[in-house]
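Engineer: Just need the structure, nothing else, for what follows:
(2 chains)
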Amino acid sequence: MGFGIFNFNKVRNLIIFLRRYFNFFLFLLLEVICIVLVFRNNNFQRTAYLNSANNLSGKLYDRYNNVQYYFHLKATNDSLVSENARLHNLLRSSFDSMVTNDIVKTDTIRLFNTDSARQAAGTATRRYLYRQAKVINNSINRSVNYITIHRGRLQGIRPNMGVIGPSGVVGMVRSVSDNYAVVLSLLAKGSGSSSSNFGVSARLLRGKEIGTVYWDGADPAYAMMKDIPRTIKLQKGDTVVTSGFSALFPENLPIGYIDSFSLADKSSTSYNIRVKLATNFYNLQYVYVIDNLLKDEQKQLEDSTYRLIK
Amino acid sequence: MSILLRNIIRFVLLLLLQVFVLNKILVHQLVSLELYMLFILLLPFNIPRPALMLLGLLMGLSLDMFMNTMGIHAFACVFMAYLRPFIINILSPQGGFETNMKTPSMISMGISQFLIYISILVFLHHLALFTLEVFGFGNIGYLLLKILLSTVASLMLIVLYELLFFSRK
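Structural biologist: Take a look at the predicted model:
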């Protein structure tokens, strides 16, 4: 009997306690929900529900972009023409070969136009497939910036594909919905424990040294490069390109140009290099999403080798 | 216009303004223009506190959806919504604010009281927001400067908004 009353009092006290501090507990609950959302977003690649790739925000951004696109037509046109010129300069017909003792080779590309025919004929297989995409939203003034593009799962976009612009590297695909995708921009400042740190494996075009390019959060036109040893002779204006080590980008795509370099102190073994980015993030209108068709094969081989070693 | 309708319109208006106008303006890396939390600041005095916090969560998540910053704005917004009644209590005169003035404004609170009210809460909001965004105190000078400059920018925007949409009611 006495035990029952005691128990009842305890429960009543608990209810009174909860009612008195209800607001505080609700506050804690909501904040915990937010924190969980923050860390889930940072740690996992996932399909998009609550980000700018979903139907509502994607469509709104699309509408908005339809209007503001007209104001950038001139700059967009200029960048596309200069890219065309660069590609023309790479064409075989732009070179004058002085070597005359070569044996005659049949141009198989002309004979076998499709990928399957070329594979059957034993000539080079396609490794990278480029898909163009329209940028419908782009931010540059946050510490982690995202770009929304109008192409998604139905058009063959998958998470972890590389993205480049007309003049250089832009970022990587983070999450996709049916018709939109969110791209993690190269302008993403790494922060402490979260894995949003985005570094691109890079190489000096002249010296062939390998390093990493990352953004320090200061200026959207400049990034930093690390891991270049001090024994290398650097020059202002040297080109920094992708290394091709990661499966994201092919080699030799421009990332930027060396703006300045210094040693942190006399004993440091590597340079601090400031890189002027090749991509102009201020007026990005079109990007190319790179599909590495041999990525799965490479990954499978690497994984099975690791398992062997283990 | 009823209070409810007025607040719904303000919610949509502030969200669109934040996403399509203010986020497109680049002042400086250290100054980010934030105005959306004015929605929470201008809710009626007598709104229940749970509702206040849930509306903060809703506003924050809606903005996060557009900006791909899942949870960050929601955290700051709920934080601010939770602290709002305390600040109003401290600032209110003996008998509380006049009962016929239902929402915080320059008229109902007085200009200096209103300015103190918004500056404290906007500062707290920015403190939570940028601490979570930068995550870590590695670069504390950068963080503090960003909080201070953005607070000043937000205050100017809020005053501008108040002057534009001023109603004597």
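Engineer: mind checking the SS state of the residue nearest to B:Leu35 when sequence neighbours are not counted?
Structural biologist: Leaving out its chain neighbours, the residue that sits closest to B:Leu35 by C-beta to C-beta, 6 or more residues apart in numbering or on different chains is B:Leu157, at 4.8 Å. C-betas here are computed from N, CA, C, even on glycine. Secondary structure for B:Leu157, judged by DSSP: H, G, I helix; E, B strand; the rest coil, is helix.
Engineer: Please report how far B:Leu157 lies from chain A.
Structural biologist: Computed as C-beta to the nearest C-beta, to the nearest Å, the B:Leu157 to chain A distance reads 15 Å.
Engineer: Am I right that that residue is in contact with B:Ser32?
Structural biologist: No - here B:Leu157 lies out of contact with B:Ser32, judged by C-beta atoms under 8 Å, at a distance of 11.2 Å.
Engineer: Which pLDDT does the model give residue 66?
Structural biologist: No chain specified, so I'll use chain A. A:Asn66 carries a pLDDT value of 85.
Engineer: think we crossed wires, I meant chain B
Structural biologist: We have a pLDDT of 88 for B:Phe66.
Engineer: Next up, the contacts around it.
Structural biologist: For B:Phe66, the contacting residues are A:52, A:57, A:60-61, B:15, B:19, by C-beta atoms under 8 Å, 6 or more residues apart in numbering or on different chains.
Engineer: can stretch A:127-147 be found next to chain B?
Structural biologist: Yes - interface with chain B: stretch A:127-147 contributes A:139-144, A:146 (C-beta under 8 Å from any C-beta of the partner chain).
Engineer: roughly how far is that stretch from the heart of the chain?
Structural biologist: Remark: stretch A:127-147 is offset 8 Å from the chain centroid, using C-alpha atoms, centre = their mean, to the nearest Å.
Engineer: Flag every residue of the stretch 1-150 of chain A that's near chain B.
Structural biologist: Near chain B, when you scan the stretch 1-150 of chain A using C-beta under 8 Å from any C-beta, you find A:22-23, A:26-27, A:30-31, A:33-38, A:40-41, A:50-52, A:54, A:56-57, A:60-61, A:64, A:139-144, A:146, A:148.
Engineer: out of those residues, which are buried?
Structural biologist: A:23, A:26-27, A:30-31, A:33-34, A:37-38, A:41, A:50-52, A:54, A:57, A:60-61, A:64, A:139-144, A:146, A:148 (16 or more other C-beta atoms under 10 Å in any protein chain shown).
Engineer: So which residues of the stretch 151-300 of chain A form helices?
Structural biologist: Here the stretch 151-300 of chain A has its helices, by DSSP state H, counting those that start in this stretch, at A:295-309.
Engineer: Same question for chain B.
Structural biologist: B:3-16, B:38-41, B:49-67, B:72-91, B:106-109, B:111-134, B:140-164 (DSSP state H).
Engineer: any weak-confidence spans in chain B?
Structural biologist: For chain B, applying pLDDT under 70 flags the ranges B:1, B:94-101, B:135-138, B:166-169.
Engineer: Grab the most central residue of chain B for me.
Structural biologist: The residue lying closest to the centre of chain B (C-alpha atoms, centre = their mean) is B:Met37, at 2.7 Å.
Engineer: For that residue, which non-adjacent residue is closest in space?
Structural biologist: B:His125 (5.2 Å).
Engineer: Assess the claim that the one you found and B:Ala74 are in contact.
Structural biologist: No - counting by C-beta under 8 Å, B:His125 stays clear of B:Ala74, with 11.6 Å between them.
Engineer: Would you map out the domains in chain A?
Structural biologist: Domain assignment of chain A by automatic domain parsing yields the ranges A:2-41, A:44-93+A:127-292.
Engineer: Among these, which comes closest to A:Leu301?
Structural biologist: Closest approach to A:Leu301 among the domains of chain A is made by domain A:44-93+A:127-292 (11.8 Å; C-beta to C-beta).
Engineer: What parts of chain B come near chain A?
Structural biologist: B:19-20, B:23, B:26-27, B:29, B:32, B:49-50, B:53-54, B:56-57, B:60-61, B:64-72, B:74-75, B:78-79, B:82, B:132-136, B:138, B:142.
Engineer: which of those are buried?
Structural biologist: Neighbour-count burial (16+ other C-beta under 10 Å) applied to the residues of chain B next to chain A gives B:19-20, B:23, B:29, B:32, B:49, B:53, B:56-57, B:60-61, B:64-72, B:74-75, B:78-79, B:82, B:132-135, B:142.
Engineer: What residues does residue 34 make contact with?
Structural biologist: Went with chain A since none was named. B:57, B:60, B:71-72, B:74-75, B:78.
Engineer: actually it's chain B I care about, not the one you picked
Structural biologist: Counting by C-beta under 8 Å, 6+ apart, B:Glu34 touches B:18, B:22, B:125-126, B:129, B:150, B:153-154, B:157.
Engineer: which one of those residues has the most neighbours?
Structural biologist: Counting neighbours by other C-beta atoms under 10 Å in any protein chain shown, B:His125 comes out on top of the contacts of B:Glu34 with 29 neighbours.
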